[in-house]
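**Q** build the 3D model from these lines:
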Amino acid sequence: MAADIKIAVVPGSFDPVTNGHLDIIRRTAALFDKVYVCILRNSSKKTLFSAEERVELVKRVTADIPNLEVESFDGLLVDYAHSRGAGFIVKGLRAVSDFEYEFQMAQTNKSLRPDIETFFISTSRSYSYLSSSIVKEVARYGGPISDFVPKEIEKDIIEKIGG
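**A** Below is the predicted model:
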């Protein structure tokens, strides 16, 4: 790709992808020429969906975004970003507590790859409370999750949890 093409990476576990995640992904896609949503493969983290399933769920809810690709990865995020020619990592922030951790990660990433910048996007107010953990907890107890996740994947979550 040409040097003036702005490529960003939006990383996360997306277990499952929420409306808050989708909001950050869509806003990032509007700002950059090319966006990679990279789904963390972490064998030490217990997830509801496998990495492959999470990739498919995110692909399904972002199919209408032409400048976006969805992949899974393991290893260092900055190495993944570098391998895709990305100069930017975009992270969504819900609260100050998110910032503290993400700031440390951004500083570490900058130390490892000075050519890659981290951008923070504040979550839209309507999603500031939302997390994948909350979605799973509500679904486990049979609560409605339709306001929390894209309608295309609501059934997948309920079936996976066993509801």
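
**Q** list the contacts of the lowest-mean-pLDDT helix or strand in the chain.
**A** Scoring the helices and strands of the chain by mean pLDDT, DSSP states H and E places helix 96-112 at the bottom, with a mean of 91. Helix 96-112 is contacted by residues 76-78, 89, 91-93, 116-118, 120 when judged by Cβ atoms under 8 Å, 6 or more residues apart in numbering. Backbone N, C-alpha and C define where each C-beta goes, glycine included.

**Q** swap the cut-off to 6 Å and go again
**A** 78, 91, 93, 118 (Cβ atoms under 6 Å, 6 or more residues apart in numbering).

**Q** got it, and stretch 71-79?
**A** 11, 38-39, 41, 51, 55, 80, 109, 112-113, 116.

**Q** helices along the chain, start to end?
**A** Along the chain, the segments classed as helices by DSSP state H run 19-31, 51-61, 77-83, 96-112, 132-140, 151-161.

**Q** just give the nearest non-adjacent residue to Leu95, would you?
**A** Not quite, residue 95 is Ala, not Leu. Of all residues not flanking Ala95 in the chain, Ser128 sits nearest, at 7.1 Å (Cβ to Cβ, 6 or more residues apart in numbering).

**Q** quick one on the thing from earlier: ok, of the helices of the chain, where does mean pLDDT dip lowest?
**A** If you rank the helices of the chain by mean pLDDT, helix 96-112 sits at the bottom with a mean of 91.

**Q** CA atoms of that one as PDB?
**A** This file holds the C-alpha atoms of helix 96-112, laid out as PDB (Å, rounded to 0.1, in the frame of the first residue of the first chain):
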ATOM      1  CA  VAL A  96     -10.900   6.400  33.700                       C
ATOM      2  CA  SER A  97     -10.000   2.900  35.000                       C
ATOM      3  CA  ASP A  98      -9.800   1.800  31.300                       C
ATOM      4  CA  PHE A  99      -7.400   4.600  30.600                       C
ATOM      5  CA  GLU A 100      -5.000   3.700  33.300                       C
ATOM      6  CA  TYR A 101      -4.400   0.200  31.900                       C
ATOM      7  CA  GLU A 102      -4.500   1.300  28.300                       C
ATOM      8  CA  PHE A 103      -2.100   4.100  28.900                       C
ATOM      9  CA  GLN A 104       0.500   1.700  30.300                       C
ATOM     10  CA  MET A 105       0.000  -0.600  27.300                       C
ATOM     11  CA  ALA A 106       0.300   2.300  24.900                       C
ATOM     12  CA  GLN A 107       3.600   3.400  26.500                       C
ATOM     13  CA  THR A 108       4.900  -0.200  26.300                       C
ATOM     14  CA  ASN A 109       3.900  -0.500  22.700                       C
ATOM     15  CA  LYS A 110       5.500   2.900  21.800                       C
ATOM     16  CA  SER A 111       8.700   1.700  23.500                       C
ATOM     17  CA  LEU A 112       8.600  -1.500  21.300                       C
END
